[in-house]
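S.K.: Have a look; sequence and predicted model below, questions after that.
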Amino acid sequence: MLFLLLKGKTVEQRFVETGIVGDVDYEIISGLEEGKKLLSEVCSN
């Protein structure tokens, strides 16, 4: 599961299928289109 950043700062939860997984990299093989913006870390003040 990951979160996409959409227009207007809206966040959408998306389930994806992963392929090869390394120490810091993940291959996403379905559930995500090229060019989409992902949130990799959520921070709050």
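M.R.: On my side now, so go ahead.

S.K.: What values do phi and psi take at residue 7?
M.R.: With angles defined as degrees, to the nearest 10, residue 7 sits at phi -60, psi 150.

S.K.: So for it, what's the pLDDT?
M.R.: With respect to pLDDT, residue 7 has a value of 85.

S.K.: Leaving out chain neighbours, which residue sits closest to residue 19?
M.R.: Leaving out its chain neighbours, the residue that sits closest to residue 19 by CB to CB, 6 or more residues apart in numbering is residue 27, at 3.8 Å. Where C-beta positions appear, they are placed from N, C-alpha and C, glycine not excepted.

S.K.: And the one you found, how close does it get to residue 8?
M.R.: Note on residue 27: its distance to residue 8, by CB to CB, to the nearest Å, is 30 Å.

S.K.: Looking at these two, which is more packed in?
M.R.: residue 27 (10 against 5; other CB atoms under 10 Å).

S.K.: Looks like the more buried one contacts residue 17 (just checking).
M.R.: No: Residue 27 is beyond contact range of residue 17, at 9.6 Å (criterion: CB atoms under 8 Å).

S.K.: what's the distance between the residue nearest to residue 19 and residue 14?
M.R.: Taking CB to CB, one finds residue 27 at 16 Å from residue 14.

S.K.: Whatever helix or strand residue 27 lives in: how far from the chain's middle?
M.R.: Assigned by DSSP states H and E, residue 27 falls within strand 26-30. From the chain centre to the centre of strand 26-30 is a distance of 10 Å (CA atoms, centre = their mean, to the nearest Å).

S.K.: Quick one: mean pLDDT for that strand?
M.R.: Throughout strand 26-30, pLDDT has a mean value of 91.

S.K.: So what are the sheet partners of it and their directions?
M.R.: Strand 26-30 pairs in its sheet with strand 17-21 (antiparallel), by DSSP bridges.

S.K.: How about residues contacting the partner strand?
M.R.: 26-31 (CB atoms under 8 Å, 6 or more residues apart in numbering).

S.K.: repeat that with 10 Å
M.R.: With contact meaning CB atoms under 10 Å, 6 or more residues apart in numbering, strand 17-21 is reached by 2, 26-32.
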